[in-house]
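A.B. asks: okay, sequence plus prediction incoming.
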Amino acid sequence: MSDSALQDLKSAQPAELEKSKDSSVEPCNAKPVLNGNKCVKKEEKALPECPDVTNGCEAGIVDVEYIDSENLTDLPDVDASLSTLLARLESKDWVKTCEALNNVRQLAIYHKERLRELLEPLVPLIVKSVKNPRSALCKTALMTCADIFKAYGELMVDSVDLLLMPLFLKSSQDKRFVCEAAEAALMSMTSWISPSVLLPKMQPYLKNKNPRIRAKASVCFSNSVPRLGVEGIKEYGMDKLIQVAATQLSDQLPESREAARKLSLELQAFYEKSQASSSGEGDCTPATSPEAESWEAFCQSKLSTLSAQAILRATVGVPVVPRETGIPVALKEAGIALKEGGISVAVKEGAAPVAPKEDGAPVAPKEGAAAWVASIGRWRMQ
């Protein structure tokens, strides 16, 4: 081969390499943006088709725009959207599913009567998207839940059972923007569905093994109770509600305990308001003693000693000594068995306190119950 031919071959190789680089697959910069009506792709210039992520190729960069409910516009073709809505919600293309979820939001706002016919098959598909690990799809589904709760209110009661667990789980996860969307959906649920039917559905979650689920359920429960009103609380059962508050006050997470404290304060306000209104009805109502009408007496009559003290610490702010017929148990006049440091001492009516013995020799009793208790403390320290 001549020298000129070799030079031509060497010069042709770089040109072929440059040509092969130009013909290689370029990264896709298409950015689909969900505007509520359709998925619009913003492209700077015409590029080859995005590689399919399912074939192992590099996925394109996709940005999803989350539109607030008040900024959603009406659909240009309602009939076409309704006819393909369920099929698009079941699509394996998550971008199309996001588009369909935004269509659900638009229909719920502008054409809720027409969407109402599809609610039964629609809710399970929304739940499926809420459970999806893709955060963008999950958040769009959570925003959809908030809108349909607001649009349909009581009509969503039968679907609450499907939604509660996914909403509690998503509101307790680490991704903040998903967590906030789930909390907004739960707030919409407690705002637009009657608490009289919602509280019994949420109450089992207060005993869930997952402490985060218990905390979120406790927050929703405490937010729903004030909407019952005085009469609604009486119908639901004040004793049931105070027991729920007492149980959650000792829960593991601070969020649950704070919700229980808020609930305790609400119940105290409602109880005192109801007592004030019943005492002002007139002479037809039999008079009751102030002790029986007090908040402290109510808590001690409905709860165990420790639970009552927890409620009273959260509402009154100071520990209250357990009482029996209005007299401290430790100082009642009848004969009882008192324990101080594990030593039982019998006190008989009209008799002096029996002092403890030290090495078989009785210690001289002192006058007064307080002095007697002090003597026991000094005896134990010897």
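C.D. replies: Sure, I can see it.
A.B. asks: mind listing what's buried in the longest helix along the chain?
C.D. replies: Across the chain, the helix with the greatest residue count (assigned by DSSP state H) is helix 254-279. For helix 254-279, a neighbour-count test (16 or more other Cβ atoms under 10 Å) marks 255-264, 266-268, 270-271, 274-275 as buried. For glycine as for every other residue, the C-beta is placed from the backbone atoms N, C-alpha and C.
A.B. asks: show me what that helix is packed up against.
C.D. replies: helix 211-224, helix 229-236, helix 238-248, helix 295-302, helix 305-315 (3 or more Cβ pairs under 8 Å, 6 or more residues apart in numbering; DSSP states H and E).
A.B. asks: go ahead and confirm Met156 touches Ser191.
C.D. replies: No. Applying Cβ atoms under 8 Å as the test, Met156 and Ser191 come out as separate, 12.0 Å apart.
A.B. asks: anything in contact with each of those two?
C.D. replies: Counting by Cβ atoms under 8 Å, 6 or more residues apart in numbering, the common neighbours of Met156 and Ser191 are Phe149.
A.B. asks: of the two, who's got more company?
C.D. replies: Met156 (22 against 15; other Cβ atoms under 10 Å).
A.B. asks: list the contacts of that one.
C.D. replies: Per Cβ under 8 Å, 6+ apart, neighbours of Met156: Leu119, Val123, Ile148, Phe149, Met189, Trp192, Ile193.
A.B. asks: what strand or helix carries the second one?
C.D. replies: Val123 is part of helix 119-130 when elements are defined by DSSP states H and E.
A.B. asks: what helices or strands is that helix leaning on?
C.D. replies: helix 78-89, helix 94-110, helix 135-152, helix 160-171.
A.B. asks: reformat these as TSV; add mean neighbour count, distance to Glu296 and mean pLDDT.
C.D. replies: Converted to TSV, the helices and strands packed on helix 119-130 look like this (neighbours: other Cβ atoms under 10 Å; distance: least, Cβ to Cβ, whole Å; pLDDT from 0 to 100):
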stretch	mean neighbour count	distance to Glu296	mean pLDDT
helix 78-89	15	55	95
helix 94-110	22	48	96
helix 135-152	23	39	96
helix 160-171	19	34	96
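A.B. asks: put the alpha carbons of stretch 229-244 into PDB.
C.D. replies: Extracted C-alpha coordinates of stretch 229-244, given in PDB (Å, rounded to 0.1, in the frame of the first residue of the first chain):
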ATOM      1  CA  GLY A 229     -70.800  20.100  69.300                       C
ATOM      2  CA  VAL A 230     -72.200  19.700  72.800                       C
ATOM      3  CA  GLU A 231     -75.100  17.600  71.700                       C
ATOM      4  CA  GLY A 232     -73.100  15.500  69.400                       C
ATOM      5  CA  ILE A 233     -70.500  14.800  72.200                       C
ATOM      6  CA  LYS A 234     -73.400  13.700  74.500                       C
ATOM      7  CA  GLU A 235     -74.700  11.400  71.800                       C
ATOM      8  CA  TYR A 236     -71.300   9.800  71.100                       C
ATOM      9  CA  GLY A 237     -70.500   9.400  74.800                       C
ATOM     10  CA  MET A 238     -68.400  11.800  76.800                       C
ATOM     11  CA  ASP A 239     -67.100   8.800  78.800                       C
ATOM     12  CA  LYS A 240     -65.800   7.100  75.600                       C
ATOM     13  CA  LEU A 241     -64.000  10.300  74.500                       C
ATOM     14  CA  ILE A 242     -62.400  10.900  77.800                       C
ATOM     15  CA  GLN A 243     -61.100   7.300  77.800                       C
ATOM     16  CA  VAL A 244     -59.600   7.800  74.400                       C
END
